[in-house]
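Novice: Provided below are the primary sequence and the corresponding predicted coordinates.
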Amino acid sequence: MGNEQWDHPFPLGYPLPVAIHSSPVLVSLSIIVPCLNEAETIAGTLEALKPLRARGAEVIAVDGGSSDDTVARARPWVDRVLIAGRGRALQMNAGAAAARGDILLFLHADCVLPESADHLIVDGLNRERKSWGRFDVAITGRHPLLRIVACLMNARSRLSGIATGDQGIFVTRTLFEAAGHFPEIALMEDIALSKRLKRFSAPLCLRHCIRASGRRWERHGVLRTVILMWRLRFAYWRGADPDKLVLRYLTHGE
């Protein structure tokens, strides 16, 4: 980067030379993957992270008490497997507490990062002088409406500054701790964290896409799932108890 200097509010770290406050440092990235009964998909998600691990990224899988082979299938592809209480917020907070990186990236177990995600995050945060952000999302599947759903999700996120877990939220450790971590609620933990982070700065919205599985959308009906999520988010905005909302989410399609 030559003699460029970046006035970034938080220290970064990863095996890429970055000039921050005139001092070259190494930026470290930790990828935290919460999982629960994801034996069918977890190996593919984690295997895709192999190039990032080769460049120095740390990968931590945090299992919430799977009854299938998730842990066994994850173990060869990660630096650590942790067991935590069930619930994405609990699992992601446990992973963050154990992580060594200066940037934390939270990745759902059925999502695949874009190529060179590590470079995109570090370069983007430095260039835009941000401390957190997310990717755009592309929902994989055969239903033609999935592409429209993804476009609307990305547009809504840009307008609102709110990120969802499918978009791969990343944040400097310093800001994550200042924001008080994920609220340990049963649902909407990603939205709640985004609201906390927005108090410090707007997010970096990277247009490179995470590929998220459309299996739940297709299993229960795309339009039906969209309507459900709108209703749940509206109810959460109105102050509904996340413990009650998660019951509606889990029984969707039954």
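Specialist: Arrived safely, thanks for sending. Residues are numbered from 1 along each chain as shown.
Novice: Can you show me the helices along this protein?
Specialist: Counting by DSSP state H, the chain has these helices, from start to end: 42-47, 50-54, 70-74, 88-98, 117-128, 145-160, 173-178, 189-198, 215-220, 222-237, 242-250.
Novice: ok, now which ones touch the residue most central in space within the chain?
Specialist: The centre of the chain sits closest to residue 168, judged by Cα atoms, centre = their mean, with a distance of 2.8 Å. Residues in contact with residue 168, defined by Cβ atoms under 8 Å, 6 or more residues apart in numbering, are 105, 106, 107, 108, 111, 113, 117, 134, 135, 137, 210. For the C-beta atoms, the positions are set from N, CA and C on the backbone; glycine is no exception.
Novice: Quickly note the distance from it to residue 107.
Specialist: Here the criterion is Cβ to Cβ, to the nearest Å. By it, residue 168 lies 6 Å from residue 107.
Novice: Tell me where this structure is predicted with low confidence.
Specialist: Flagging of the chain using pLDDT under 70 yields the residue ranges 1-27, 217, 220, 236-237, 243-254.
Novice: how does it look with 80?
Specialist: Within the chain, the ranges that satisfy pLDDT under 80 run 1-27, 215-254.
Novice: Tell me the bridge partners for the nearest residue to residue 166 once chain neighbours are set aside.
Specialist: Computed as Cβ to Cβ, 6 or more residues apart in numbering, the closest residue to residue 166 that is not its neighbour in sequence is residue 212, at 4.4 Å. Partner residues in beta bridges with residue 212: residue 111, residue 139, with DSSP bridges as the criterion.
Novice: What number of residues are in the vicinity of residue 212?
Specialist: In terms of burial, residue 212 registers 26 neighbours under the definition other Cβ atoms under 10 Å.
Novice: got it, and the one 10 residues further on?
Specialist: Each residue near residue 222 was counted by other Cβ under 10 Å, and the total is 20.
Novice: Name the nearest residue to it, ignoring sequence neighbours.
Specialist: Nearest residue to residue 222 in three dimensions, chain neighbours excluded: residue 145, at 4.6 Å (Cβ to Cβ, 6+ apart).
Novice: Isn't residue 147 up against residue 139?
Specialist: Yes - using Cβ atoms under 8 Å as the test, residue 147 is close enough to residue 139 to be in contact (7.3 Å).
Novice: So between the two, which is more surrounded?
Specialist: Set side by side, residue 147 and residue 139 show unequal neighbour counts under other Cβ under 10 Å, the larger going to residue 139 at 26 against 14.
Novice: Now do the contacts for the more buried one.
Specialist: The neighbourhood of residue 139, defined by Cβ under 8 Å, 6+ apart, consists of 146, 147, 149, 150, 166, 212, 213, 214, 217.
Novice: Next one: it relative to residue 66, how far apart?
Specialist: Residue 139 sits at a distance of 24 Å from residue 66 (criterion: Cβ to Cβ).
Novice: that older thread, include distance to residue 82 when you put the helices of the chain into JSON lines, please.
Specialist: JSON lines is the format used below for these (distance: least, Cβ to Cβ, whole Å):
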{"stretch": "helix 42-47", "distance to residue 82": "14"}
{"stretch": "helix 50-54", "distance to residue 82": "17"}
{"stretch": "helix 70-74", "distance to residue 82": "10"}
{"stretch": "helix 88-98", "distance to residue 82": "6"}
{"stretch": "helix 117-128", "distance to residue 82": "21"}
{"stretch": "helix 145-160", "distance to residue 82": "29"}
{"stretch": "helix 173-178", "distance to residue 82": "17"}
{"stretch": "helix 189-198", "distance to residue 82": "17"}
{"stretch": "helix 215-220", "distance to residue 82": "25"}
{"stretch": "helix 222-237", "distance to residue 82": "28"}
{"stretch": "helix 242-250", "distance to residue 82": "22"}
